[in-house]
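>>> Next come a sequence and a model predicted from it.
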Amino acid sequence: MSSSTLPLADGLAVVREHLLDPDLVRAVASGRQRGQEAPPWRRVEVRWVDLKAGTHLQTVSYDATQAHTANAAAGEPAAACVDALLATPYGNWHVTTARAVVQLRITKKGQAFVHVGPAEGASAAPASRSHDRAKQRLLPEDDALFAALGLAGKDGRIRPSRQAKYRQIEEFVGLLDAAVSDAIGAGHLRTPTPEDPLRIVDLGCGNGYLTFAAHRYLSDRRGLPVRMTGVDVKEQSRAHNASVAADLGIDADFVVGTIADAALPQPPDVVLALHACDTATDEALARAVEWQAPLVLAAPCCHHDIAAQLRRTPPPEPYAALVRDGILRERFADTLTDALRGLLLRGAGYRVEVVQFVESKHTPRNTLLRAVRTGGAGPGASAARAEYDDLTATWGLHPRLGVLLAASSSGPSDAPR
C-alpha cells in the first residue's frame, strides 16, 4: 500500500497502466479538475468485455438521464480510448483490478495524489467479462440483498412495483462510491482495516433499504471493512432490520431512539441521513457536525419548517412574488432550506456539494447534500457564516440547523433576534 503526490502526467500514467491491465475489474472517472471545463459526461465506467468480435474495452458514459455504451477492441483501439479518457479533465479516478485498487485525485495545484492498495474481498475475484446483460448494475438484481428486502422475487428480478426504489438504490451507491473514494484519496477519510472498519451510521434509517445497500456495496463490491449502525424511532424498524442483517450475515447494529439522543461507542466516519422528514435532517446534520464526521450524505425529505416561517414573515422587497403563491413558496422553501444548510456546514468546516440524487421521475425529493470535513476555518468558512447571517436576516428566518449548532456552540449563533 502506498500514497504519493506526483506530477499529473506521472499519476495518469499509473492509472493508464491499470486501465489496460487484462485483469481490470472496473474503473470509474468522475468530478472535474479545478479550473477546467466540466467533462462531457458526469461519470464514466470502464471494464473489459468479451464480445463475438473478441475482447473489447467497454466504456459506459452517464449524462443526467441515461447511459451511453461504446466498445473499443483490445490493442491500439483500446489504448487510444484510454488516452482520450485520461485527456478529459476528470478530477478523480478509481480503478480496481484483480490485484490492486488505485485511487487518483487531482489536487488544487494540478498534481496527482495517488493511492495504491491491494484488492480485497469481491474485488480480488477474476473480472467478469460477460456482455449478456442489458445494463451494468452496481448491485445486480439477483443479489440476495434485494430478495431479503422484498424488492426482488424468487426469480431474482426486481418486482415491477419496486423498480423506482431499485433505481434510487443504484444512484445512491454510485454517489456513495465516488464520495468515499474521493474522501479517502484526499486524506479526509481514513482507510479502514479489518481491525478498525469504516464506521457508518444511518440516522432515521427506516426499513434500511439504503442502509443495507451501502453496506453491501462497500463491503462486497469495494472490499472495504464496514461496521454499520442504524438508528430509528420505531421498534418495528429495528426488529425488521436486525432480522434482515442476521439473514444476510451483515455486521450491523440497529437501535431504537431519536437522532438527537443517539449514542455511539465511537464517532462515525460516515453519517447518512436519507429522506429524514423535515427538521430530522437538521438533527442529523447537527449530530454529524458534533461528531466531526469526515463524510456526510444527506437527502432531505419535506421542508416544512422554513415554509411555515415564510408564511408568517413579511417577505423582503422586491421578492414578494417568490412566496405569494403556495406552490412557489413551497418550492422556494425547499431550495432556501438546503442552501442555508449548505452554508452552515461550510461555516463548520465542511466542503459541500448539492447534487441531484435521482431523477425527479423516480422521486420528487431528489437533492443530496454531500459534505466532506476539511476542518478549514479560513476565509471560506467565515464568508459562509457571513452569507448565512445576511440571508437569514433578510428573510427573518431561524433555521432549525442554525439553532441546533448554536446550542452546541458548533456553528453561527442563531438565537432569535
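Done, it's in.
>>> now the strands for the stretch 101-250 of the chain?
Assigned by DSSP state E, counting those that start in this stretch, the stretch 101-250 of the chain shows strands spanning 112-118, 198-203, 226-232.
>>> Go through these and pick out the most buried.
strand 198-203 (a mean of 26; mean count of other C-beta atoms under 10 Å). C-beta coordinates here come from the backbone N, C-alpha and C atoms, glycine included.
>>> elements contacting that one?
Judged by 3 or more C-beta pairs under 8 Å, 6 or more residues apart in numbering; DSSP states H and E, the packing partners of strand 198-203 are helix 209-216, strand 226-232, strand 270-274, helix 279-291.
>>> Please convert these to a markdown table, extending it with distance to Ala147.
What follows is those, written out as a markdown table (distance: least, C-beta to C-beta, whole Å):
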| stretch | distance to Ala147 |
| --- | --- |
| helix 209-216 | 12 |
| strand 226-232 | 19 |
| strand 270-274 | 21 |
| helix 279-291 | 29 |
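>>> So which of the ones you listed is nearest Ala67?
Ala67 lies closest to helix 209-216 among the helices and strands packed on strand 198-203, at 19.2 Å (C-beta to C-beta).
>>> Let me know the average pLDDT across that closest one.
Computed over helix 209-216, the mean pLDDT rounds to 93.
>>> what's the domain layout of this protein?
For the chain, automatic domain parsing gives the domain ranges 2-124, 144-407.
>>> Now do the contacts for the most centrally placed residue in the chain.
Relative to the mean C-alpha position of the chain, the nearest C-alpha, by C-alpha atoms, centre = their mean, is the one of Leu176, at 3.1 Å. Residues near Leu176 by C-beta atoms under 8 Å, 6 or more residues apart in numbering: 214, 217-218, 297.
>>> Could you check the pLDDT of it?
According to the prediction, Leu176 has pLDDT 90.
>>> hang on, the earlier thing: the domains of the chain: which one's closest to Arg137?
Arg137 lies closest to domain 144-407 among those, at 6.3 Å (C-beta to C-beta).
>>> and the helix or strand hosting Leu85, how far from the chain's centre?
Applying DSSP states H and E as the criterion places Leu85 in helix 76-87. Centre-to-centre, helix 76-87 and its host chain are 28 Å apart (C-alpha atoms, centre = their mean, to the nearest Å).
>>> if we can go back for a sec, can you redo the strands of the stretch 101-250 of the chain as CSV with mean pLDDT and distance to Arg351?
Listed next are the strands of the stretch 101-250 of the chain as CSV, based on pLDDT from 0 to 100; distance: least, C-beta to C-beta, whole Å:
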stretch, mean pLDDT, distance to Arg351
strand 112-118, 87, 15
strand 198-203, 96, 19
strand 226-232, 94, 23
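>>> Of all the ones you listed, which one is nearest Gly396?
Ranking these by their distance to Gly396 (criterion: C-beta to C-beta) puts strand 198-203 first, at 29.3 Å.
>>> Quick one: residues in contact with the closest one.
Identification of contacts with strand 198-203 by C-beta under 8 Å, 6+ apart yields 180, 192, 208, 210-211, 214-215, 218, 224-231, 259, 262, 264, 266-274, 276, 280, 283-284, 287.
>>> Quick check on the residues you listed: which are buried?
The neighbour count (16 or more other C-beta atoms under 10 Å) marks 180, 192, 208, 210-211, 214-215, 218, 224-231, 259, 262, 268-274, 276, 280, 283-284, 287 as buried among the contacts of strand 198-203.
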